[in-house]
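Trainee: Provided below for reference: sequence and predicted model.
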Amino acid sequence: MDVPEKLVPLYIRATRRNRPYASEAGAREHLDERTRHPEPFGPPRKIGGDVEVGMTVRDGWPVYTITPSGASSVGSVVYVHGGGWVNEIVRQHWQLIGQIAKEAQTTVVVPIYPLIPSGTAEAVVAGVVELVRQCREQYGDTRLAGDSAGGQIALSAALELRDRHDIALSRTVLISPALDLTWANPRIPEVQPDDPWLAVPGGRYFSETWRAALDVADQRVSPLFAEFAGLGPVTLFSGTHDILNPDAHLLAAALEAAGVDVDFHEGPGLLHVYPLLPTASGRRARATITSQLAARA
């Protein structure tokens, strides 16, 4: 049963889910809490379908593999979860991952990458790049997907794969990605009153910790500053009640100008990472995602 769209922002505001983003002090407090008390990251017993779950450790990272049960699996998808570079993977991520594995008939590989302050853009993007290369060797055609902070990592990794390894992925799916960590888009203040979740002060604090020694314009930090020619096809989701939406428009335009095949899905009145939410719009978006990531022989 779908949750009514209008209830979601009310729930977010009532539960103060925006508290870590509303101020730098709130962000600092949240990071301190997450550092002292790390969250669990393993998948729930049921993650949305008939799938099998495996886990290995690669270069010190726990890496899960989700495969469809009783069916041949073709290729793989590396899914990079969001959470502001500070929060661990959650149930909604696992549900989408299970749906992708089952409906797209592919293996989904999920890295549990280090979060801030120990995780940094340079190390994590490099780790995801290497994981994609390993998956290509093991499974064949490999696609990338990610949401929010994970969308930033996924797009940065796709760019690094193109530049350093001459690899153009067959599909990269970005769900409400963070794209420009200067937070300087002049349209952000216009959108901010409609966004019940994200805000610039906390987002800037988390992203500054994440970029560490890298320049904010480095494509491993702010992929919007990159050149996009030669990138493989991109599917992009963004809701208009999300302060990251103005940068999503810039990305879609830049991809199109560079000759990249871009499929932009904008949800009027919808929130950050709306494809992960238990709403009708989320359900429709998830169906599109699984279709876009369907395995190719």
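Mentor: In hand now; what should we look at?

Trainee: alpha carbons of stretch 125-134, as CSV, please.
Mentor: In CSV, the C-alpha atoms belonging to stretch 125-134 read as follows (Å, rounded to 0.1, in the frame of the first residue of the first chain):
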residue,chain,number,x,y,z
VAL,A,125,35.9,7.0,-5.1
ALA,A,126,39.1,5.1,-5.9
GLY,A,127,37.8,2.1,-4.0
VAL,A,128,34.5,2.2,-6.0
VAL,A,129,36.5,2.5,-9.3
GLU,A,130,38.5,-0.6,-8.4
LEU,A,131,35.3,-2.5,-7.4
VAL,A,132,33.7,-1.8,-10.7
ARG,A,133,36.8,-3.0,-12.5
GLN,A,134,36.7,-6.2,-10.5
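
Trainee: buried residues in that stretch, which are they?
Mentor: Of the residues in stretch 125-134, 125-132, 134 count as buried by neighbour count, 16 or more other C-beta atoms under 10 Å. For the C-beta atoms, the positions are set from N, CA and C on the backbone; glycine is no exception.

Trainee: now tabulate those in a markdown table and tack on distance to R45, secondary structure and pLDDT.
Mentor: Putting these into a markdown table (distance: C-beta to C-beta, whole Å; DSSP: H, G, I helix; E, B strand; the rest coil; pLDDT from 0 to 100) gives the following:
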| residue | distance to R45 | secondary structure | pLDDT |
| --- | --- | --- | --- |
| V125 | 32 | helix | 98 |
| A126 | 33 | helix | 98 |
| G127 | 28 | helix | 98 |
| V128 | 27 | helix | 98 |
| V129 | 32 | helix | 98 |
| E130 | 30 | helix | 98 |
| L131 | 25 | helix | 98 |
| V132 | 28 | helix | 98 |
| Q134 | 28 | helix | 97 |
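
Trainee: any idea which of the residues you listed is closest to Q92?
Mentor: V128 (20.4 Å; C-beta to C-beta).

Trainee: so that closest one is in contact with Y113, correct?
Mentor: Yes: if you go by C-beta atoms under 8 Å, V128 and Y113 touch, sitting 7.1 Å apart.

Trainee: on the three-state scheme, the residue lying closest to A168 once chain neighbours are set aside is what?
Mentor: Nearest residue to A168, sequence neighbours excluded (C-beta to C-beta, 6 or more residues apart in numbering): G232, at 4.2 Å. Here G232 is recorded as coil under DSSP: H, G, I helix; E, B strand; the rest coil.

Trainee: circling back: so what sits against both of V128 and Y113?
Mentor: The contact sets of V128 and Y113 overlap at 80, 153 (C-beta atoms under 8 Å, 6 or more residues apart in numbering).

Trainee: buried sites along stretch 189-196?
Mentor: Using 16+ other C-beta under 10 Å as the burial criterion, the residues of stretch 189-196 that qualify are 191, 195-196.

Trainee: good, we can wrap up now.
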